[in-house]
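Participant: would you be able to build a 3D model of this:
(chains A and B)
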Amino acid sequence: GGGGVGNASNSGVTVVEEDVGEIVRKTTRGLLASIQRERDGEAVDRARIKRLTAALVNLGLYADHFERAFLDHSAAYYRAEGTRAAQSSDAAGFLTHCEARLAEEEDRASTYLDASTRRTLTRCVEQNLVETHVIGVLDKGFDALCAENRIEDLRRLHALCARVDKVDKLRDAFAARAKRVGAAIVQDEENDKDMVQNLLDVKESLERIVSDAFGGSLELFSNALKEAFESFVNSRRNRPAELIAKYVDGKLRAGSKSGYVDEEEMERTLDAVLTLFRHIQGKDVFEAFYKKDLAKRLLLSKSASVDAEKSMISRLKAECGSQFTTKLEGMFKDVETSRDIMRGFAADEKIAKELPENVDVFVHVLTAGYWPTYAPCEVKLPRELDHLQRVFSEYYLSKHGGRRLVWQNALGHVLLRAEFPKCGVKELAVSLFQAVVLMLFNDAETMSFEELKDATGIEDKELRRTLQSLACGKANQRVLSKTPKGKDVDDGDVFAVNDDFNERLTRIKVNSIQMKETKEDNDATNERVFQDRQYQIDAAIVRVMKTRKTLSHQLLVGELFNQIKFPAKPADLKKRIESLIDREYLERDRGNAQVYNYLA
Amino acid sequence: ARRCRVSRARPPAWAAFATMNRLNKAQKDKVKRFAAVADADEKTALAVLKEVRWDLELGLETYFTSPSSHFASSNVDAAALEKTYGEYRAADDTHDDDIIDAAGIERLCADIGIDPVDPVILNISSKMEAKTMGAYTKEEFFRGMTRMETSDARALKSKIPALRAEMDDPNIFKRVFEYSFDFAKEPNHKSLPLETATAMFKVLLDGRWALVDEWCAFLEKDGSVKAVTRDTWNQTLEFSRQIGEDMSGYDPAGAWPYLIDEFVEHKLEQKS
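Facilitator: The predicted structure is shown next:
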């Protein structure tokens, strides 16, 4: 102010304008200071701030003089705060902080700012506080939040990402985590026996995160999870498929530790397992192991629940088509048909005359194509058992001429009545081989390993395993004694009935070795799948070449990938092509080594 | 060009020359190619091609499947051949068939001044169409010597430089190379045992392929390769001709045998 008196009205206006300008600036500075104080946690006079901003609006000075400065000020404030908070808080803390600030600014805008500022203010906080630092959270804190199942924090993270259009980055971080965690489980070879359960657990927790925390973008995250499954389940050849089959066997088998509890839980478990199975690329491995285990369950009557078995089959059918399950269904049918056959057999009077009275026999007749292939096992049956087999064979073949019966003695089991000096009469549930060995002691006090080998005709390794289960196992199963004592069966060992055998139970199960799986069994199954795949590739090559007559290598490989249903590497295909060249099904074209000709 | 008047009284050499002159360029070409691939002299080539009406493929097929004596030139003295054969054949009681056995072949090699593992012996054996290493039947011996136009060791010895030089022709070398597979393997087997294969690779490709020793070492390396198939054998030659030492230009998605794929991978790993 000040100046001459001269032109009173002009200088008055200037003075007023200058003064007003200065007042507005002072007011704005004051307001910003108050707001900052409030942001910093002090209490301020909100009503007064409201009056001032309202006045500015009325004077038409709000937008240019206040709002612009306010937004710049807020931006700077939150930029600084963002950096501080990101450094000093953990991820969860930072997210909570952001959420709180956003709510606070909402409230601020509606309480004492003009309505027009609201959106821009929110945007300002999002950009400066959230957007800059949320990626940092994804990089450093996201994994821990998932690992600890911090649903609330994850929900918050999702909401914030949505505000700043970073949901894609969240998706990527989630997918990466799922893949990492899943692959770690799958590739941990030392903990194979827990792999499936661990995968199911991880799957459940990841699914919960998707539904509870990322529900706003459900489809996006569900798909990301599916992709992750696909990648980690197949990150190791063959083994996951095998383990899933074994896991299901554990559930469907009676008497196993992790076995059948009730129908509802069984259904849930099977559902969960199926979703893992869905992503397996080499489903033929699963089938081979599943079939093998199913066979054991059916033949040794070890199914916990027929309904559960059938339920699993229909799930597999729905998943893979009926071709996948025809053989499995055939196995069930064989078991039922065998029951019918045995009814007829038992009722037949002629047969009844030929059978000894004190022996019951049940024969499972297996249609070869449906069941797993069993290696033929040599054994010299005792007279009584041989007779039973002969009688049945004659009966069956008289009803079904033109068929051929092959006895699978390795699968047979016997309930043998035995009398022990100390505990009297017991029933021993044993495998056929074990029975063959035991029955020899009806006629001999002691037998050496070599004598047993000679008398039974059982193959060396198998005989040792059998004797081990009878003479070297737990005390309550040790029906034979071995001299010298010890865990292994060596040449020269001598066996006798264990006179000290003293068990309370009437029926003693010694045949658990039949349910157990040896490493050789496992390897044999894997080998069979491998062989099968080779045949399939060969057949596909011949099929394609027969039709096309002449084809370049690239096109042939392309065709094969269309036809083959299991994972195969180009190198595998090449090896089969070379094998077929060697066997003269194909030749390389003389003019162009990259082209093959079919040789009729 | 002056027209030659051909009269019946001309000696055979003249007739051949004159006849050759009456051929057009394509036909002359075919004669030359036939002679190179079939390893026959031009007179024989001409005779065959005329019989098959200048179908080169057919001519080659016929020539290789028919008894070669059909087309043999008459430049070689049968009696002299008989005598030479007698000098090297196995004693009557040592073998079932009438053959020159390994001992005899060794003596022959010594007499013609070559090492028994000299690659030129493979060229010679291929001309004989000898079925298997270590024995020449009388028919095979006669066939080969006739083709080479020699009737005794001395003549054969003087032919050695030419027989060697011939192997520098890529077509002829390829024929000898592919022939060597059958020659070296057991008659009733399909593949060549690894040990024999690597020995043969070295005999044939030493000095012609810088990587032959590396290739053999690679095959022997992990013990999983027990034999070499015909296809891998044949494609090894192609590989040695088409791909340089740095493996550039190699297409692993191509139709190369899988062992060669692995070799290339091994070489590239070495590089890095």
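Participant: where does residue B:138 land on pLDDT?
Facilitator: Note on residue B:138: pLDDT of 87.
Participant: for the residue of chain B found nearest chain A, which non-adjacent residue is spatially closest?
Facilitator: Closest contact between chain B and chain A, by Cβ to the nearest Cβ, is at residue B:255 (3.4 Å). For every residue, glycine as well, the C-beta is placed using N, CA and C. Distances taken as Cβ to Cβ, 6 or more residues apart in numbering or on different chains place residue A:553 nearest to residue B:255, at 3.4 Å, with adjacent residues excluded.
Participant: do residue A:254 as well
Facilitator: residue A:304 (4.2 Å).
Participant: where's the residue nearest to residue B:255 relative to residue A:140, distance?
Facilitator: For residue A:553, the distance to residue A:140 (Cβ to Cβ, to the nearest Å) stands at 49 Å.
Participant: next one: residue A:542
Facilitator: 57 Å.
Participant: neighbour count for those two, which is higher?
Facilitator: Set residue A:542 next to residue A:140 and count neighbours by other Cβ atoms under 10 Å in any protein chain shown: residue A:542 wins out with 15 against 12.
Participant: that one: what secondary structure?
Facilitator: Judged by DSSP: H, G, I helix; E, B strand; the rest coil, the three-state class of residue A:542 is helix.
Participant: residues in chain A within reach of chain B, list them.
Facilitator: Residues of chain A that fall close to chain B, judged by Cβ under 8 Å from any Cβ of the partner chain: A:552-554, A:557, A:570-571, A:574-575, A:577-578, A:581-582, A:588, A:593-596.
Participant: buried ones among those residues?
Facilitator: Neighbour counting with 16 or more other Cβ atoms under 10 Å in any protein chain shown marks A:552, A:553, A:557, A:574, A:575, A:577, A:578, A:581, A:588, A:593, A:595, A:596 as buried within the residues of chain A next to chain B.
Participant: quick one, domains of chain B?
Facilitator: B:14-66, B:78-158, B:185-271 (automatic domain parsing).
Participant: was I right about the residue nearest to residue B:255 contacting residue A:588?
Facilitator: No - using Cβ atoms under 8 Å, residue A:553 is not in contact with residue A:588; the gap is 9.3 Å.
Participant: where does chain A have low pLDDT?
Facilitator: A:1-17, A:255-261, A:515 (pLDDT under 70).
Participant: and the residue of it nearest chain B?
Facilitator: For chain A, Cβ to the nearest Cβ, closest residue to chain B: residue A:553, 3.4 Å.
Participant: tell me the contacts of that residue?
Facilitator: Residue A:553 is in contact with A:577, A:594, A:595, A:596, B:254, B:255, counting by Cβ atoms under 8 Å, 6 or more residues apart in numbering or on different chains.
Participant: now for residue A:553 and residue A:588: what residues contact both?
Facilitator: Common neighbours of residue A:553 and residue A:588, using Cβ under 8 Å, 6+ apart, are A:595, A:596, B:255.
Participant: what ranges do the strands span in the chain?
Facilitator: As the question left the chain open, I've gone with chain A. In chain A, the segments counted as strands under DSSP state E are A:413-420, A:424-431, A:446-448, A:480-483, A:494-497, A:507-509, A:550-552, A:586-588, A:595-598.
Participant: that's the wrong chain, I wanted chain B
Facilitator: Ranges of strands within chain B are B:99-100, B:136-137, B:192-193, B:227-228, based on DSSP E.
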